[in-house]
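> Pasting a predicted model and its sequence here:
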Amino acid sequence: MQHLWFIVAAPALWLPLGLVILGSAVLPRILGYLAIVLAAGYALAGVLTLLDLTVPAAVQISAGVVPALWWLAAAGTLIMRARQAPSTAGLFSGVAAAGHGTAGL
């Protein structure tokens, strides 16, 4: 059962996520490339440990720590970008997009 996460589910999560990030400007492209590397790493770890009854503890620990660091980096990037962006709180989307009401910021 553990191998299904490594071979199927994790790559199915990380590969599209990486491709979407590469196609947008929401997060830095390096995070998109790292997500694709994570997808490949999960699939490789699943295939290499397929003949074992369980996935080794070292693989399980690294499979928990590395993605957590990725999510932390992505969240930190979004927080930093949100602090740098001008505030449009309380404005309608059309007003904020046109630039009206933000002169005093």
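In hand now; what should we look at? In this text the structure is predicted, and so the values were computed from the model without any measurement.

> Could you use CA atoms for every contact and neighbour count after this?
Noted.

> secondary structure class for Ser24?
coil (DSSP: H, G, I helix; E, B strand; the rest coil).

> Tell me, how many residues neighbour it?
Ser24 is flanked by 11 other residues according to other Cα atoms under 10 Å.

> Tell me the confidence at it?
pLDDT, Ser24: 94.

> What separation do you get for it and Leu31?
11 Å (Cα to Cα, to the nearest Å).

> What helix or strand is Leu19 located in?
helix 10-22 (DSSP states H and E).

> After that helix, heading C-terminal, what element do we hit next?
Once the chain leaves helix 10-22, the next helix or strand it forms, by DSSP H and E, is helix 29-48.

> other SSEs contacting that next one?
When contacts are defined as 3 or more Cα pairs under 8 Å, 6 or more residues apart in numbering; DSSP states H and E, helix 29-48 sits against helix 2-4, helix 10-22, helix 57-84.

> from memory Ile21 sits against Leu15, does it?
No - applying Cα atoms under 8 Å, one finds Ile21 not in contact with Leu15, separated by 10.0 Å.

> on that earlier part again, let me know which of the helices and strands packed on helix 29-48 is the nearest to Ala40.
Ranking these by proximity to Ala40 (Cα to Cα) places helix 10-22 first, at 6.8 Å.

> from the chain's centre, how far out does that closest one sit?
Remark: helix 10-22 is offset 8 Å from the chain centroid, using Cα atoms, centre = their mean, to the nearest Å.

> list the buried ones in that helix?
Within helix 10-22, the residues scored as buried using 16 or more other Cα atoms under 10 Å are 10-11, 14-15, 17-18, 21-22.
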